[in-house]
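J.: Return atomic coordinates for the entry below.
(chains A and B)
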Amino acid sequence: MANQIEVRVPDIGDFRDVAVIEVMVKPGEAIAVDTGLIMVESDKASMEIPSSHAGIIREIRVKVGDKVSEGSVILTIEAAAATARVAAKGEEVPAPSAPGASVAGYGGKADIDCDMLVLGAGPGGYSAAFRAADLGMKTVLVERYSTLGGVCLNVGCIPSKALLHTAFAMDEIPHLAAHGVTFGPPQIDLDKLRASKDGVIAKLTGGLAGMARARKVDVVTGIGSFLDSHHVEVTTAAGKKTISFGKAIVAAGSQAVRLPFLPEDPRIVDSTGALLLRSIPKRMLVVGGGIIGLEMATVYSTLGARIDVVEMLPGLMPGADRDLVKVWEKKNEHRFDNVMLQTKTVGAKATKAGIEVSFEGAKAPTTPQLYDLVLVAVGRSPNGKKIGAEKAGVAVDARGFILVDKQMRTNVPHIFATGDIVGQPMLAHKAVHEGHVAAEVAKGEKSFFDARQIPSVAYTDPEIAWAGKTEEQCKDEGIKIGKAVFPWAASGRAIANGRDEGFTKLIFDETTHRIVGGGIVGTHAGDLIGELCLAIEMGCESADLGKTIHPHPTLCESVGMAAELFEGHCTDLPPQKKK
Amino acid sequence: MQGAQGRAMSGVIDIRVPDIGDFKDVPVIEVFVKPGDKVKAEDPLVALESDKATMEVPSPRDGLVKSVLVKVGDKVSEGAVIVQFEGAGAEQAEARPVVSAPPSPVSAPAGVADVRVPDIGDFKDVPVIEIFVKPGDKVKAEDPLIALESDKATMEVPAPLAGTVREIRVNIGDRVSEGAIILSLVTAGSTMQADGPPRSPAVSPTAAVEAAVVGAFDEESFALAYASPAVRKLAREKGVDLGKLKGTGNHGRILREDVEAFVKGGAQTTAARVDGGAGGIELLPWPKVDFAKYGPVEHKEMGRIKKISAANLHRNWVVIPHVTTHDEADITDLEQFRVQMNKELEKSGVKLSLLPFMVKAAVASLKKFPEFNASLDGDTLVHKNYWHIGFAADTPNGLMVPVIRDADKKTIPEIAKEMNELAKLARDGKIKSEHMQGGTFSISSLGGIGGIFFTPIINAPEVAIMGVCKSYWKQHSPDGKTVNWRLTLPLSLSWDHRVIDGAAAARFNVHFAKLLADMRRVLF
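T.: Numbers count the residues shown, from 1 in each chain, chains lettered A, B, ... in the order given. Next comes the predicted model:
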């Protein structure tokens, strides 16, 4: 069953009567969707026009030198009934009676029909789905795992915080000896610790499932992949299900990068594996000195492991200003045997005794080192290439990111994307806001992702948190800044807590006195940074912060005091020199 | 049984409302098909009417209408099923993009565009002194790509469209001329914001959609605007580009009130800014009167078209120094001729009013006085070698000015016929903006109503407009002794004093009147 299709020039923007400078195909040739057909040249640019359909070329209707505009017929192709690309939105093509389903257009029936399909139930995905449902869209949420919440709730932010809380409490206890309160050495029951962490996860994911039900969001468990621009196929435990949708939001996240030269071995893990807490190693190597690696290093070290870190860059926790990191380093020296900066991991051998890892670079030990556990935390890569995006016509870049505009729209106008899959930083709180924008735009609202800052927090001990521009960024961008640093050594509360090593730093635009960024290192820095986030978004001036009464005695006071310091009238520090 | 199964196999095809841009819950104002109808691809199925436009939803395919799921008055949005077709098998499986919607996104060229050195004046073989991008960079339209340095100047070559840089084809030190390929861009469709200036040839359908939503926002200055998140959200909703706003808060902070005030005064502010000619006019605030104090009142918001024409008329009135010259034309003979021609043409169905004759007379006058067929572009006068005559049409929605293109090449009956068609489209709210573009001169006729003289407002960027009122019988003495009764048409020509002077306007009127007095003069 063949049918003839006219392939026309699509919307090419403002151009009309552009000259054909090259015809790239000839009659009889078999072409796929997106095969380049002709090259046209305007006074501004030349561009290739790809085919909208697959099939065999019957007749070419243009020649070099012809002028074409949107809608001009380029050529006709003969296509099997089913290969015609479904172009009109929301339309279904009847089931093909000819065998050989096409790669580009889905012609079958759908098991579920919805207004909004969200692929992935991490923070970006469930937030988008819940928002869409609240806006009145019939929403389906597809998630490969049996629980909602994605990496964040199941194998990321939340379980790591559960363990870090335990570690923090354990680290505090010996200090109480100086206060005259002494406890015995800790007894660690790993099974119980694991169970308590899993309890935290279960409480949250269960809550999410309930909220999905309350919103009548249809959760389909299985791996989803696009069939075309209006259909997704989900491979579930009970077989394949096809879902047809009006709009879609891709929130398929990212996964930990694997190092190809490391062998398959249960003693080599990523963050997910480390959170399983199978055993407490004696010697542990953390590959990658970023936030995830150092948080896990904190947990394992408190539980008794000796830690080595290897990092290719010249410093740990890249992205944060060095003055913040320095405070953390000083406080955490005791955890590490070796911090190998500017050093690469080049090979590993799994032996009975452990994993034998060899290094190269500035701080590389001369001989291979033996570890009981190796945590690979060298970054995450987006899942853009694993969801059949090409079948929906969604553009994915070489690294696997889906490109979106400020309304989270992909190149396909009714398909949106949010979270890790659209770019850095890969953070849950960014994904949530993006997800809301995507759902609102899909519903027809004029929402934009207009955030001016996305905070980062390392939940180490002490915590490091920063928002807006770092000093380093300001320097690179040539912004004239003034900064104010309030040392916690002058904070009554920090001293009372026995943790006065931290400081609060505010960064102001020198000319406007508006806050452009800030960083905090110290206990609970992650909670304190919220005030700076709001201040940056509001464009607060130093006086706005300084003249706001903060409660005493608290750590958050340090924000107000730093602002007073910038204004030149802080009375909690020795007298300042006149500016 | 078998038959039933066969039917089930072929199934039912849902035809849905395609992407209709920004609109939601648009009422159906007409349904063109009924069950049993055979329709072809592109046949209209229903007509929808938003506050901005009337649009027809054409069928994406051939088919047999099985059922119609909407009725007049229903409100529909994108994706709503309008009709169901009998699934007539695969012989027409081609689904086609819809006229009013952007074409299939998947066929949009998420292609590769070569960016070339644009016209850089007289320069050739200019060295590249800097390359601002590298492969993988995302660029927006107008982002600088490279810098060239001639012996006279350094210039940046901006990106003509948004995309991701794939390959850079020049090195620092290379000498390039107009047309040389600089780099290739993966035009990732809409992946970049449509925030470039309107001339940026965005390749994607989304870009067009977005442009409609947000207009030409300068995203960079929006991101720097001194405004809180709540104010930014409000600005997005109202379509206000914050970068163009001055805040009245502390140290220039943009407040909620600033955005609201901008929206209210938006038309005027924008118009003044666009033209630049009205800048700096300081006016007293508009008198605020509580009318209800003096009697019962009713508040009715102006229609969309009314608002648009109001903003345009206001700009034109403020910017253009208008002068109106009045004259009279003797149309006694013309009226006789018109009546006679109407009799002769009775069978053809064409009915001539006076207006087509005036269009012809206008063309002949414009040819004799070309500065009336011109536009002002800065300090340059653009003379147009085409004669597209607009005519003001009174419609239930407000004033519209459809344009008769190439009026010089059309016969009077042809013009009459086209006028009727355009006027009908305008009255039915189905006229497209292209029908109202490209005019070089306009005629506003109140002949059917009354009046003697008035001051028509020039339809910028045109430089003159002819207003005519109701013709009347007037005593006329050719010699001061005898008296004749002549059918007299009052003429009111408004002209832009920046371009035209009084003597020329008087001559134009006299000539125009002479032509109407004896249409044979059109031939001369």
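J.: What helix or strand is A:V7 located in?
T.: Assigning secondary structure by DSSP states H and E places A:V7 in strand A:2-8.
J.: mean confidence score for that strand?
T.: Strand A:2-8 carries an average pLDDT of 68.
J.: Also stretch A:565-578?
T.: Regarding stretch A:565-578, the rounded mean pLDDT is 88.
J.: Just the element for residue 308, please.
T.: Just going to use chain A. strand A:306-310.
J.: nope, chain B please
T.: Assigned by DSSP H and E, B:I308 falls in helix B:304-319.
J.: hang on, the earlier thing: for the strand holding A:D308, which outside residues touch it?
T.: By Cβ atoms under 8 Å, 6 or more residues apart in numbering or on different chains, the surrounding residues in contact with strand A:306-310 are A:282-289, A:293-294, A:297, A:300-301, A:316, A:335-340, A:343-345, A:359, A:369, A:371. All C-beta atoms are positioned from the backbone trio N, CA, C, and that covers glycine.
J.: Give the helix, strand or coil label for the residue nearest the centre of chain A.
T.: Nearest residue to the geometric centre of chain A (Cα atoms, centre = their mean): A:M426, 2.1 Å. Following DSSP: H, G, I helix; E, B strand; the rest coil, we place A:M426 in the coil state.
J.: any idea how far it lies from A:M47?
T.: 33 Å (Cβ to Cβ, to the nearest Å).
J.: what sits against A:E6?
T.: Here A:E6 is in contact with A:V73, A:L75, A:T76 (Cβ under 8 Å, 6+ apart).
J.: B:V12: how many residues sit nearby?
T.: Neighbour count of B:V12, defined by other Cβ atoms under 10 Å in any protein chain shown: 15.
J.: distance of it from chain A?
T.: Separation of B:V12 from chain A (Cβ to the nearest Cβ, to the nearest Å): 9 Å.
J.: Show the contacting residues for that residue.
T.: Applying Cβ under 8 Å, 6+ apart, we find B:V12 in contact with B:K66, B:Q84, B:F85, B:E86, B:G87.
J.: Might you enumerate the residues of the stretch 451-579 of chain A proximal to chain B?
T.: Contact residues, the stretch 451-579 of chain A versus chain B (Cβ under 8 Å from any Cβ of the partner chain): A:A451, A:R452, A:T512, A:R514, A:E537, A:M538, A:G539, A:E541.
J.: change it to 7 Å
T.: Taking Cβ under 7 Å from any Cβ of the partner chain as the measure of proximity, the stretch 451-579 of chain A contacts chain B at A:E537, A:M538, A:G539.
J.: quick one: stretch A:515-524 to chain centroid distance?
T.: The chain centroid and the centroid of stretch A:515-524 are separated by 22 Å under Cα atoms, centre = their mean, to the nearest Å.
J.: May I have it as PDB, with CA atoms only?
T.: C-alpha atoms of stretch A:515-524 as PDB (Å, rounded to 0.1, in the frame of the first residue of the first chain):
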ATOM      1  CA  ILE A 515      24.100  41.900  46.700                       C
ATOM      2  CA  VAL A 516      25.200  39.700  43.800                       C
ATOM      3  CA  GLY A 517      26.400  36.600  45.700                       C
ATOM      4  CA  GLY A 518      27.500  35.100  48.900                       C
ATOM      5  CA  GLY A 519      29.000  32.100  50.500                       C
ATOM      6  CA  ILE A 520      28.800  30.500  54.000                       C
ATOM      7  CA  VAL A 521      30.900  27.900  55.500                       C
ATOM      8  CA  GLY A 522      30.000  26.500  58.900                       C
ATOM      9  CA  THR A 523      27.400  24.200  60.500                       C
ATOM     10  CA  HIS A 524      23.900  24.600  58.900                       C
END
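J.: How many residues are close by whatever residue of the stretch 251-400 of chain A ends up closest to chain B?
T.: Nearest residue of the stretch 251-400 of chain A to chain B, counting by Cβ to the nearest Cβ: A:G393, 3.3 Å away. For A:G393, the count of nearby residues is 26 (other Cβ under 10 Å).
J.: before we move on, the earlier item: would you list the buried entries among the contacts of B:V12?
T.: B:K66, B:Q84, B:F85, B:E86, B:G87 (16 or more other Cβ atoms under 10 Å in any protein chain shown).
J.: Could you pull up phi and psi at B:S375?
T.: phi -140, psi 150 (degrees, to the nearest 10).
J.: That one and chain A: what is the separation?
T.: Between B:S375 and chain A the computed distance is 21 Å (Cβ to the nearest Cβ).
J.: That residue - how many residues pack around it?
T.: Residues lying near B:S375 (other Cβ under 10 Å) number 16.
J.: Leaving out sequence neighbours, find the closest residue to it.
T.: Computed as Cβ to Cβ, 6 or more residues apart in numbering or on different chains, the closest residue to B:S375 that is not its neighbour in sequence is B:P461, at 4.1 Å.
J.: For that neighbour, grab the count of nearby residues.
T.: Counted with other Cβ under 10 Å, B:P461 comes out at 16.
J.: So for it, what's the pLDDT?
T.: Model confidence at B:P461, given as pLDDT, is 92.
J.: cool, the one 4 residues further on as well?
T.: As summarised for this prediction, B:I465 has a pLDDT of 97.
J.: Least confident secondary structure element in chain B?
T.: Scoring the helices and strands of chain B by mean pLDDT, DSSP states H and E places helix B:205-214 at the bottom, with a mean of 34.
J.: Just the buried residues of the contacts of strand A:306-310.
T.: For the contacts of strand A:306-310, buried by 16+ other Cβ under 10 Å: A:283-289, A:293-294, A:297, A:300-301, A:316, A:335-336, A:338-340, A:343-345, A:359, A:369, A:371.
J.: Please flag which of those sit within helices.
T.: A:G293, A:L294, A:A297, A:Y300, A:S301 (DSSP state H).
J.: Widest-spaced pair of those?
T.: Spanning the widest gap among these are A:G293 and A:S301, at 11.9 Å by Cβ to Cβ.
J.: C-terminal to the strand holding A:V7, what's the next element?
T.: Sequence-wise, the next helix or strand downstream of strand A:2-8 (DSSP H and E) is strand A:18-23.
J.: Cool, thanks, talk later.
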